[in-house]
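Engineer: Got a sequence here, can you build the structure:
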Amino acid sequence: MELDGARLTCGQVHEAGYGGARVTIASLDRARAAWATAQGLTGPVYGKSTGVGANRDVLLEGGGLDLLRSHACGAGPPVEPARARAMLVVRLNQFLAGGSGVDPAVCSVLAYAINHGYTPPLRTYGAIGTGDLTALAITALCLLGELPWHHDGSPGEGPPRHALVSADALPFISSGAATLADAAIACHRLRHLLDAAVEVAALSFAAVDASAEPVAAVVQEARPHPGQAVVAESLRGRLAHEPATRVQDPYGFRAFPQVHGAAVDALGRAVTTIETDLNAATENPLIAGGLAWHNGNFHAAAVALALDALRAALVQTAQLSTARLATLMDPAYTGHLPFLGDRPGASGVLILEYVAQDALADLRHLANPVTTGTAVISRGAEDHAAFATQAARHTLRCLEPLEIVLACERTAAVRALHGSGPDRPLTGDLEESRRAVSGAATRT
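Structural biologist: Just a heads-up that it's a prediction; the model follows:
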């Protein structure tokens, strides 16, 4: 995977984190240009000749490495190495975009770490959407040899080392790379889950002989939302176009393109927002045009808002899945016994509704917007926070419950279509459906 600071995608971040993809560097030209400019700067430069936060007006001589030591203080459960590796890829790509002023030699060292399985020992808590300072400070101390790397791969020539100097401290950590990595991973997997949802819905359509009229081209052309059109076309290709058995089906079928299409659109907006930042110079100060520009590009409000909208949309599409699941329990639609039981009075797959509603409850909880809150810290110098970090973390957590909801619907639809003897355990069917739903989402 060649990194050039301009074309990194969510899929590539996932592939580097979980697929073990090796990285190469296309060019260090922009990183070198920013570093050369930084070397010649005079006057007060935030984080280089001054303190940070409320100490921004305090002039310092050196001491930048103390900034790393004071900020390397994450807490909570360890972050899995794949997510930490994805963070390294994002930060390396941002350095290549130029604007940080960090020593460009660090880029090759980060590439070495990625390619030989070295990741920093990150912790879950420590950022509020204005920069992943703790995660990157820990990474910097690993480079300095003050903290041990986690290692899972070929040893190469030993642990990555780079003698960061005082002027490199803030430029190295001034980024939301960990948040962006989590967001990219979540969006990549959600794309596959949303595609799988169309396949699951098609099984339910077939199981209840639902009308294909709602996905007809003439219907969709009358309301041309992009996601709706994509979902309708995909579902239309999977359905048998036979005369409708009912005048109108429940919303779980009739409104599927509209509801699921909105989730597809929300995902598209989130991906666009995230990929913009994956390839952006979100540095403060930004080293460009011969000067240091103090700015707020590090603030991740756009990412947080996009992910809040995405999680809300996931709840809508999961609710529609549980609605179809309820229809699959009804003899009036399936022609089978209630709950798809194998004999009168049997509970059949009734328990799937409980499982799906449990998972849906978690999705609703995770959909609570993070952007309605804020924080004022550092003696008021930093008086707003996006909480994009929490938005990305919650979006990652949505993967499992959404997968379970879809697996419950798929299990019921398959039983309605093909039946199942009483000796076959339902747990096995549900796990098979989970594998079917998640298979594409776990492949890079």
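Engineer: Who are the packing partners of the worst-scoring helix or strand of the chain on mean pLDDT?
Structural biologist: Using mean pLDDT, DSSP states H and E, helix 64-71 stands out as the lowest-scoring helix or strand of the chain, at a mean of 87. If contacts are counted by 3 or more C-beta pairs under 8 Å, 6 or more residues apart in numbering; DSSP states H and E, helix 64-71 sits against helix 133-144, helix 169-173. All C-beta atoms are positioned from the backbone trio N, CA, C, and that covers glycine.
Engineer: Make JSON lines from the ones you listed and add mean pLDDT, mean neighbour count and distance to residue 427 to it.
Structural biologist: Shown next, in JSON lines, are the helices and strands packed on helix 64-71 (pLDDT from 0 to 100; neighbours: other C-beta atoms under 10 Å; distance: least, C-beta to C-beta, whole Å):
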{"stretch": "helix 133-144", "mean pLDDT": "96", "mean neighbour count": "24", "distance to residue 427": "38"}
{"stretch": "helix 169-173", "mean pLDDT": "91", "mean neighbour count": "26", "distance to residue 427": "47"}
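Engineer: what about these, which gets the closest to residue 120?
Structural biologist: Proximity to residue 120, assessed across the helices and strands packed on helix 64-71 by C-beta to C-beta, is greatest for helix 133-144 (4.2 Å).
Engineer: now for the helix or strand that that closest one is followed by, which elements pack on it?
Structural biologist: Going down the chain from helix 133-144, the next helix or strand is strand 150-151, by DSSP states H and E. Judged by 3+ C-beta pairs under 8 Å, 6+ apart, strand 150-151 is in contact with strand 118-119.
Engineer: Touching the strand it packs on from outside, list them.
Structural biologist: With contacts defined as C-beta atoms under 8 Å, 6 or more residues apart in numbering, strand 118-119 is touched by 81, 84-85, 88, 112-113, 142, 149-153, 159-160.
Engineer: Just the closest of these to residue 219, please.
Structural biologist: So of the contacts of strand 118-119, ranked by how close each gets to residue 219 (C-beta to C-beta), first place is residue 85, at 45.5 Å.
Engineer: Tell me the helix or strand right after the helix or strand in which that closest one is found.
Structural biologist: The secondary structure element spanning residue 85 is helix 81-97 (assigned by DSSP H and E). Using DSSP H and E, the helix or strand that follows helix 81-97 in sequence is helix 105-115.
Engineer: Pull out the CA atoms of that following helix and give them to me as PDB.
Structural biologist: C-alpha atoms of helix 105-115 as PDB (Å, rounded to 0.1, in the frame of the first residue of the first chain):
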ATOM      1  CA  ALA A 105      13.000  11.000   9.000                       C
ATOM      2  CA  VAL A 106      10.300   9.800  11.400                       C
ATOM      3  CA  CYS A 107       8.100   8.800   8.500                       C
ATOM      4  CA  SER A 108      10.400   5.900   7.500                       C
ATOM      5  CA  VAL A 109      10.500   4.800  11.100                       C
ATOM      6  CA  LEU A 110       6.700   4.700  11.400                       C
ATOM      7  CA  ALA A 111       6.600   2.700   8.100                       C
ATOM      8  CA  TYR A 112       9.100   0.200   9.600                       C
ATOM      9  CA  ALA A 113       6.900  -0.100  12.800                       C
ATOM     10  CA  ILE A 114       3.800  -0.800  10.700                       C
ATOM     11  CA  ASN A 115       5.500  -3.300   8.400                       C
END
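Engineer: Tell me where this structure is predicted with low confidence.
Structural biologist: Low-confidence segments of the chain, defined by pLDDT under 70: 43, 46-47, 49-57, 59, 61-63, 379-381, 420-424, 440-444.
Engineer: need the strands for it, in chain order.
Structural biologist: Shown for the chain, the strands assigned by DSSP state E span residues 2-3, 24-25, 75-78, 118-119, 123-125, 150-151, 286-288, 291-293.
Engineer: List the pairing partners of the third one within its sheet, with orientation.
Structural biologist: Partner strands for strand 75-78, per DSSP bridges, with pairing direction: strand 123-125 (antiparallel).
Engineer: Make a markdown table out of the helices and strands packed on helix 64-71 and add distance to residue 432.
Structural biologist: Shown next, in a markdown table, are those (distance: least, C-beta to C-beta, whole Å):
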| stretch | distance to residue 432 |
| --- | --- |
| helix 133-144 | 38 |
| helix 169-173 | 45 |
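Engineer: Let me know which of those is the nearest to residue 394.
Structural biologist: Using C-beta to C-beta, the nearest of the helices and strands packed on helix 64-71 to residue 394 is helix 133-144, at 17.5 Å.
Engineer: Just the buried positions in the least confident helix or strand of the chain, please.
Structural biologist: 64, 65, 67, 68, 71 (16 or more other C-beta atoms under 10 Å).
Engineer: can I get these in a markdown table with distance to residue 41?
Structural biologist: Putting these into a markdown table (distance: C-beta to C-beta, whole Å) gives the following:
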| residue | distance to residue 41 |
| --- | --- |
| 64 | 14 |
| 65 | 19 |
| 67 | 18 |
| 68 | 20 |
| 71 | 22 |
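Engineer: quick one: which of those is nearest residue 352?
Structural biologist: Using C-beta to C-beta, the buried residues of helix 64-71 come closest to residue 352 at residue 71, 47.3 Å.
Engineer: Just give the number of residues close to residue 73.
Structural biologist: Residue 73: 13 surrounding residues under other C-beta atoms under 10 Å.
Engineer: ok, now residue 364?
Structural biologist: Residue 364, neighbours per other C-beta under 10 Å, totals 15.
Engineer: Verify the stated contact: it with residue 315.
Structural biologist: Yes. Under the criterion of C-beta atoms under 8 Å, residue 364 makes contact with residue 315 at 5.5 Å.
Engineer: about what we covered before: okay if I get the contacts of strand 118-119 as a markdown table plus distance to residue 280?
Structural biologist: Below are those laid out as a markdown table (distance: C-beta to C-beta, whole Å):
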| residue | distance to residue 280 |
| --- | --- |
| 81 | 26 |
| 84 | 21 |
| 85 | 21 |
| 88 | 17 |
| 112 | 24 |
| 113 | 22 |
| 142 | 25 |
| 149 | 27 |
| 150 | 28 |
| 151 | 31 |
| 152 | 30 |
| 153 | 29 |
| 159 | 30 |
| 160 | 25 |
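Engineer: Generate the ChimeraX command that creates a selection of the buried members of these.
Structural biologist: Of the contacts of strand 118-119, the buried ones go into a single ChimeraX selection, burial set by 16+ other C-beta under 10 Å:
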select :81,84,85,88,112,113,142,149,150,151,159,160
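Engineer: from the contacts of strand 118-119, which is closest to residue 427?
Structural biologist: Of those, the one sitting nearest to residue 427 (C-beta to C-beta) turns out to be residue 81, at 30.8 Å.
Engineer: Tell me how many other residues surround residue 179.
Structural biologist: 32.
Engineer: Excluding chain neighbours, what is closest to it?
Structural biologist: In space, and not counting its chain neighbours, residue 179 is closest to residue 389: 4.6 Å by C-beta to C-beta, 6 or more residues apart in numbering.
Engineer: wait, what's in contact with that neighbour?
Structural biologist: Contacts of residue 389 by C-beta under 8 Å, 6+ apart are 127, 128, 129, 132, 176, 178, 179, 182, 300.
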